[in-house]
Every structure is written in structure tokens, then in C-alpha cells.
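K.L.:
Pasting a predicted model and its sequence here:
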Amino acid sequence: MQSGEGGWSNYRPSKTLWAWSIVGASALTMALGFTWRGWTTSGRARVMTDIAVRNAKADLVAGICVHNFVTAKDAQENLKALQAKSSWQRDDFITDGGWAKIAGIDGTITNAADACADQLVKMKELPQSGGDAAVTDS
């Protein structure tokens, strides 16, 4: 073989081969990106955002609910009654007691009563409140 004959240096792929190579490389890139690299579609990102917002609202209302429950009259007796309830009745107990109700919000926040009940059931005893301390700017 003489120099310049055959080999890779003289190989000229057809336009069809170039087109299919580009299609294959694009498909491989997308497959790897969506499976291993964490790419997501805008629809999936929107769903994930909605779930995060709903969970954040539930956590916020659950924290307020726990505070309302602990500072309510007869909190110790209510805690014993809550702990005596079965797991599927606890959210109804919290909702019926009004501890998860927030002024200015109509209806209930999804999963807030469940999260509140879960936090309260985990308490062995109620925290001692020394009265509401005034908040000062310092």
C-alpha cells in the first residue's frame, strides 16, 4: 500500500451515515441524561414543585397546630385522648379540635392534621410553658 491509499484518512461517510450518527448520538445523550444525570421535563419539575409547596404548607400548619394544641386548655388530657386513638382517627381528632385551623385559610391543608398528630403522639409529655414571653427587638 502506498501512502495516501485506503485507511481512515480517505474514508468519506455518506450523508445518510452522518445523519444516523447524529440521531444515534442525540438519542444516547438524552437516554443517559434522563436516566443517570438527573435531567427532568418541565412537567415533572412542575409536579415536584407542587409537591414541595404542599409539604411545606403542611409542615408550617403542623407546627402551628402543635403550638395551639400544647397551649390549649386541658392539653394533657387531650394528648392522652389523642394517643388512645388509632392512627387513622388522629387526624379527625385534630381537625375536630380546631387546632389545625388557621385564621384566613378556608378549608384544611392536606396532610397538616396528620403531621400534627404524628408530632404530638411522639411526645412523651407536653413541654412546660412558662407563659408567653414578649418578643423584643435587640
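P.N.:
That came through, no problem.

K.L.:
hang on, Phe93 packs against Ala84?
P.N.:
No - at 9.6 Å, Phe93 and Ala84 do not qualify as touching, with contact defined as C-beta atoms under 8 Å. The way it works is simple: take the backbone N, C-alpha and C, and place the C-beta from them, glycine included.

K.L.:
which of the two has more neighbours?
P.N.:
Phe93 (17 against 10; other C-beta atoms under 10 Å).

K.L.:
and the residue nearest in space to the middle of the chain, what are its phi and psi?
P.N.:
Computing the C-alpha centroid of the chain and ranking residues by C-alpha atoms, centre = their mean puts Ala52 first, at 3.8 Å. Backbone torsions for Ala52, taken as degrees, to the nearest 10, come to phi -60, psi -40.

K.L.:
In contact with it, which residues?
P.N.:
Under the criterion of C-beta atoms under 8 Å, 6 or more residues apart in numbering, the contact list for Ala52 is empty.

K.L.:
what's the pLDDT at it?
P.N.:
Predicted confidence (pLDDT) at Ala52: the value is 97.

K.L.:
And stretch 74-88, how far out from the chain middle?
P.N.:
27 Å (C-alpha atoms, centre = their mean, to the nearest Å).

K.L.:
for Ala108, helix, strand, or coil?
P.N.:
For the record, residue 108 is Thr, not Ala. Taking DSSP: H, G, I helix; E, B strand; the rest coil as the rule, one finds Thr108 in the coil state.

K.L.:
What distance do you get for it to Leu60?
P.N.:
Distance check for Thr108 against Leu60: by C-beta to C-beta, to the nearest Å, it reads 13 Å.

K.L.:
just Asp91 next, same as before
P.N.:
From Asp91 to Leu60 the distance is 17 Å (C-beta to C-beta).

K.L.:
Between the two, point out the one with more neighbours.
P.N.:
It is Asp91, of Asp91 and Leu60, that has more neighbours when counted by other C-beta under 10 Å, with 20 against 14.

K.L.:
Give me the nearest residue to that one, chain neighbours excluded.
P.N.:
Taking C-beta to C-beta, 6 or more residues apart in numbering as the measure, Asp91 lies nearest to Ala113, with 3.9 Å between them; neighbours along the chain are not counted.
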